[in-house]
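Undergrad: starting from these lines, generate the structure:
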Amino acid sequence: MRIGELAARAGLSKDTIRFYEKIGLVTGRRLSNGYRDFPPETVPWLHYVRTAQTLGFSLAEIGRHFEELGDAPDSAEALSALFQEKIRVVDARMAELAALRSELEARVGAGCPLRAVERTG
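TA: Just a heads-up that it's a prediction; the model follows:
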């Protein structure tokens, strides 16, 4: 299918698909007239990419893990392992953000909030 049809079916812009092609997330072949032609299985793959992005995976992570998942004997188990790792990353980031929030709260009303705050206790 041509890029316009793929864009419509996947709910993406043609520019997004061109970008994904440039970074290797999708592959189309060039027809003799220069148009791109994508296989039908590209549509569910693009839905997967968008869902993975919504779940916090970067395009680099999606590209890197796609081949792993395709080769995994149990892709559901492999995907669950990826999700567990992403949960660990999110938890670590949440802890960092909580510490940052605490630091910011300590500086509110502290005269010059950019000076080092002395801790008590």
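Undergrad: okay, CA-based contacts and neighbour counts for the rest of this
TA: OK.
Undergrad: what's the first helix or strand after the helix or strand bottoming out on mean pLDDT in the chain?
TA: Across the helices and strands of the chain, mean pLDDT, DSSP states H and E gives its lowest value to helix 59-71, namely a mean of 80. Counting by DSSP states H and E, the element after helix 59-71 in chain order, helix or strand, is helix 75-107.
Undergrad: that next one packs against which elements?
TA: helix 59-71 (3 or more Cα pairs under 8 Å, 6 or more residues apart in numbering; DSSP states H and E).
Undergrad: in the helix it packs on, what counts as buried?
TA: For helix 59-71, burial by neighbour count (16 or more other Cα atoms under 10 Å) applies to L59, I62, G63, L69.
Undergrad: ok, of these, which one's closest to G28?
TA: Lowest distance from G28 to the buried residues of helix 59-71 (Cα to Cα) belongs to G63, with 15.8 Å.
Undergrad: ok, and the closest non-adjacent residue to that closest one?
TA: If the residues on either side of it in the chain are set aside, G63 comes closest to L25, at 5.9 Å by Cα to Cα, 6 or more residues apart in numbering.
Undergrad: any idea what the one you found is structurally, helix, strand or coil?
TA: coil (DSSP: H, G, I helix; E, B strand; the rest coil).
Undergrad: model confidence for it, exactly?
TA: pLDDT for L25: 92.
Undergrad: and it, how far from E41?
TA: Distance, L25 to E41, using Cα to Cα, to the nearest Å: 13 Å.
Undergrad: the two: who's more crowded?
TA: Taking other Cα atoms under 10 Å, L25 and E41 do not tie; L25 has more neighbours (20 against 8).
Undergrad: that one touches R64, doesn't it?
TA: No. Under the criterion of Cα atoms under 8 Å, L25 makes no contact with R64, lying 9.4 Å away.
Undergrad: L46: neighbouring residues, count only.
TA: Look at L46: counted by other Cα under 10 Å, it has 21 neighbours.
Undergrad: got it, and the one 10 residues further on?
TA: When neighbours are counted by other Cα under 10 Å, G56 registers 14.
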